[in-house]
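Peer 1: show me the folded form of this:
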Amino acid sequence: MDAGWYLRRLSRMGPREVGGRAGDAVRRRRWRSAVAESPRVTGARFTSPLPPGTVASVPPDAVKRLVAEADRLMAGRAEFFGVERDDLVDPDWWYDPKTGRRAPSGYAFDVPYRDEEAVGDVKQIWEPSRHQYLTVLAAAYAVTGDERYAERVAGHLRRWWAGNAPLRGVHWISGIELGIRLLSWVWIRRLLDGWPGAAGLFEENPVALHQIWHHQRWLAAFPSRGTSANNHVVAEAAGQFAAACAFDWFPSSARWRDEALRSLDRELRANTFGSGLNRELATEYHGLVLELGLAALAEADAAGVPVPDPVRLVLLRMTDALAAVVDERLRPPRQGDADDGHGLVVDGAGTDRWGSLLATGDAVFGRLPWWPETTGGDVRTPLLAALLRPAAPTASRPAERPSHFADAGLTLLRGPSGIWCRCDGGPHGFLAIAAHAHADALSVEVRHRGVDVLADPGTYCYHGQPEWRRYFRSTLGHNTLQWGDADQSVSGGPFLWTRHARSRVLVADVPGPDDTGTARWCAEHDGYPGVTHRRRVELTDAKRELRVVDEIGGAHGPVRLAFHLGPTVTAALTGGRAALGWTADGEDRTAVLDLPAGLSWRAHRGETDPPLGWYSAGFGRKEPATTLVGTGFTNGPTGFTTVLTFGD
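Peer 2: Residues are numbered from 1 along each chain as shown. This next block holds a predicted model:
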């Protein structure tokens, strides 16, 4: 990053954060001179295995998916962020297969991990070293007893420990990586408990003890703080707490456990609205934080460590909120950043992440009558449920399915016909930098029977491709209106916003789930100086009609109104009308999008200079999709009216 970025970043910090980061810098210089010796440990035992009979409760279909995934890994094949790898029999832990670059060695805090030219795509390098593919192999051993899986896990861990000495190289830079890796090691040890070599791999292995101690020492010394205390600090606290409970073999274990639990309690509350939605307003991070919180809670219950009531309450509210916002295919909104991050992975490909989380929530908290039904099974739920202590909720829960989350500014309009519409009138993001926010104020996301019709395009990338990062988080990259060829909020870098658009919801009138009357939403934002953008959305389910009206108050100027179609939706644009079509569940579906006549409309698809017309289904993956863009000028009080009508 250039000097300007550092100045912009510094400007978003308060005095306490600046002081803490200065202390971190001093500590890094001091740690450079010598690596501390870990304490000598004798007589360590692992005392939190899975209860007898747990593995037998895993559904057969989940076992089948798990074993298929494990066999693929045994053959050396895996996919990380859209890049297929076939070298995982003996992986190079510092190699990025996407760019062909290898991260430099040396003192960890000297590695320029944001520089793709020097390091490669750091996400490609970091992801395998979260060791979540090893938790999959360890789970395969647990359900089959096949020692090939255990031996592969042991071989990879020993090579990783040997090749990644404490404070050396790219894997000792980021706390979230250390925290998730520790959580993976805890579960690897638990899942390998029946294997004769498990103790020799962990508690009887001086190298393993050295690594575990240094991971925990690092996390205690360098917590994410201030404007960076988002999902990262939750991952750090969860990993530290899990390791201090399950690997309580060191003189500092009790202190690390207590400090991590206090941090987890504080940061779960800080990162979560009272309604239960994650404050980053980035749905995948809601999933990540919920997974991490449930895994940490399982360690507490397994170790008999009392947990403050707010921890369970926050996780309960997060689970109910997730159940409330998913569509009929159990897909939550595609809002804000998404990097496919998971807290604990023990399932094979094809397992529904969100259904799994709801199944775990059912096992721990109990489902409410309005929760959507989950189908299929997973491995993680019975494993976590075996450790978690079911507890009667100490707070009231929603009697009906919520549709309006006032604190988060998220409103869902939906009806019996299968139309699902998310309206965004919430804060720009979390904390002063809003790291994972997009410039998407007043955007809508529309699905029919779980199929993206007006889609949030996603995220695609973080580092190394600035033009794509800018596009996917831009105002033009969302279903909203852009004024004056500028984003609603001002970006200061790939994870930094220096001015945040402020939105407020004026109307949120949402009928009951079986009511075919008109649902109404209206909100406005002040992201453009001297200009107010107000949007009204009405869903009349009886007519299968969604009406969107955009009004601009204040200065006169150029506007662009964008509607991004889902990747399976075709569009035939004639003047101001687009005939839409897609196939779902073997049936052809249609809709008509009547666009504002006061704008000139064009269809864009798969354009690269500049990027326009793309959809990212997951991190590192993108595909062409049709984007309809209308250009023109503000037209006074009449506004721009768009009507989406679904066919029968």
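Peer 1: now do the SS call for Arg589.
Peer 2: Secondary structure of Arg589, reduced to three states by DSSP: H, G, I helix; E, B strand; the rest coil: strand.
Peer 1: output the below-cut-off pLDDT ranges for this structure.
Peer 2: Regions of the chain meeting the criterion pLDDT under 70 cover residues 392-393, 514.
Peer 1: next, count neighbours for Arg32.
Peer 2: Neighbours of Arg32 under the rule other CB atoms under 10 Å: 13. From N, CA and C alone the C-beta is placed, and that goes for glycine too.
Peer 1: wait, it touches Tyr107, no?
Peer 2: Yes: between Arg32 and Tyr107 a contact is recorded at 5.5 Å, counting by CB atoms under 8 Å.
Peer 1: shared neighbours of these two, anything?
Peer 2: Leu167 (CB atoms under 8 Å, 6 or more residues apart in numbering).
Peer 1: identify the residue nearest Glu467 in space, chain neighbours excluded?
Peer 2: Residue nearest to Glu467 in three dimensions, not counting chain neighbours: Pro611, with 6.3 Å by CB to CB, 6 or more residues apart in numbering.
Peer 1: tell me how far that neighbour lies from Gln335.
Peer 2: The span separating Pro611 from Gln335 equals 20 Å under the rule CB to CB, to the nearest Å.
Peer 1: could you identify the helix or strand that succeeds the host helix or strand of His533?
Peer 2: Under the criterion of DSSP states H and E, His533 resides in strand 531-540. Once strand 531-540 ends, the next helix or strand along the chain (criterion: DSSP H and E) is strand 545-554.
Peer 1: describe which strands the helix or strand just after that following strand pairs with in its sheet and in which direction.
Peer 2: Past strand 545-554, heading to the C-terminal end, the next element that is a helix or strand (DSSP H and E) is strand 558-564. Pairing partners of strand 558-564, with direction, according to DSSP bridges: strand 481-483 (antiparallel), strand 626-633 (antiparallel).
Peer 1: pull the helix or strand just after strand 558-564 out as CSV, backbone CA atoms only.
Peer 2: In the C-terminal direction, the helix or strand that comes right after strand 558-564 (DSSP H and E) is strand 570-574. C-alpha atoms of strand 570-574 as CSV (Å, rounded to 0.1, in the frame of the first residue of the first chain):
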residue,chain,number,x,y,z
THR,A,570,-31.9,-14.6,-20.4
ALA,A,571,-33.0,-11.2,-21.5
ALA,A,572,-34.4,-9.9,-24.8
LEU,A,573,-34.3,-6.1,-24.6
THR,A,574,-36.5,-4.1,-26.9
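Peer 1: name the helices or strands packed onto strand 570-574?
Peer 2: In terms of contacts (3 or more CB pairs under 8 Å, 6 or more residues apart in numbering; DSSP states H and E), strand 570-574 is packed against strand 577-584, strand 600-605, strand 626-633.
Peer 1: neighbour count winner among Pro611 and Gln335?
Peer 2: Neighbours were tallied for Pro611 and for Gln335 using other CB under 10 Å; the higher tally belongs to Gln335 (29 against 21).
Peer 1: who's in contact with that one?
Peer 2: Contact analysis of Gln335 by CB under 8 Å, 6+ apart lists Leu281, Ala282, Thr283, Leu410, Arg422, Asp424, His438, Asp440, Glu445, Asp456.
Peer 1: same thing but 7 Å
Peer 2: With contacts defined as CB atoms under 7 Å, 6 or more residues apart in numbering, Gln335 is in contact with Leu281, Ala282, Thr283, Asp424, Asp456.
Peer 1: count of residues packed around the residue nearest to the last one when sequence neighbours are not counted?
Peer 2: Sequence neighbours aside, Arg334 is the residue nearest to Asp456 in space, at 3.9 Å (criterion: CB to CB, 6+ apart). Using other CB under 10 Å, Arg334 has 21 neighbouring residues.
Peer 1: need the three-state assignment for Arg334.
Peer 2: With three-state DSSP as the basis, the three-state label of Arg334 is coil.
Peer 1: what are the buried residues along the longest helix along the chain?
Peer 2: Longest among the helix segments of the chain by residue count, using DSSP state H, is helix 283-303. For helix 283-303, a neighbour-count test (16 or more other CB atoms under 10 Å) marks 283-303 as buried.
Peer 1: next one: stretch 472-491
Peer 2: Neighbour-count burial for stretch 472-491, counted by 16+ other CB under 10 Å, picks out 472-483, 486-489, 491.
Peer 1: what does stretch 129-139 give?
Peer 2: Using 16+ other CB under 10 Å as the test for burial, stretch 129-139 gives Ser129, Arg130, His131, Gln132, Tyr133, Leu134, Thr135, Val136, Leu137, Ala138, Ala139.
Peer 1: re the thing from before, may I have the phi/psi pair for the residue nearest to Glu467?
Peer 2: For Pro611, the backbone dihedrals (degrees, to the nearest 10) come out as phi -60, psi 140.
Peer 1: correct me, but it touches Pro466?
Peer 2: No: shown here, Pro611 and Pro466 do not form a contact pair, counting by CB atoms under 7 Å, at 11.1 Å.
Peer 1: residue boundaries of the helices in the stretch 51-200 of the chain?
Peer 2: Listed from the start of the chain, the stretch 51-200 of the chain has helices (DSSP state H, counting those that start in this stretch) covering 60-74, 116-119, 122-126, 132-144, 147-163, 175-191, 198-201.
Peer 1: hey, C-alpha coordinates of the second one in CSV?
Peer 2: Once non-C-alpha atoms are left out, helix 116-119 reads as follows in CSV (Å, rounded to 0.1, in the frame of the first residue of the first chain):
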residue,chain,number,x,y,z
GLU,A,116,0.5,-10.2,-5.5
GLU,A,117,3.5,-9.6,-7.6
ALA,A,118,5.8,-10.5,-4.7
VAL,A,119,3.7,-13.2,-2.9
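Peer 1: let the chain start at 8 from now.
Peer 2: Noted, 8 is the first residue going forward, which turns the last one into helix 123-126.
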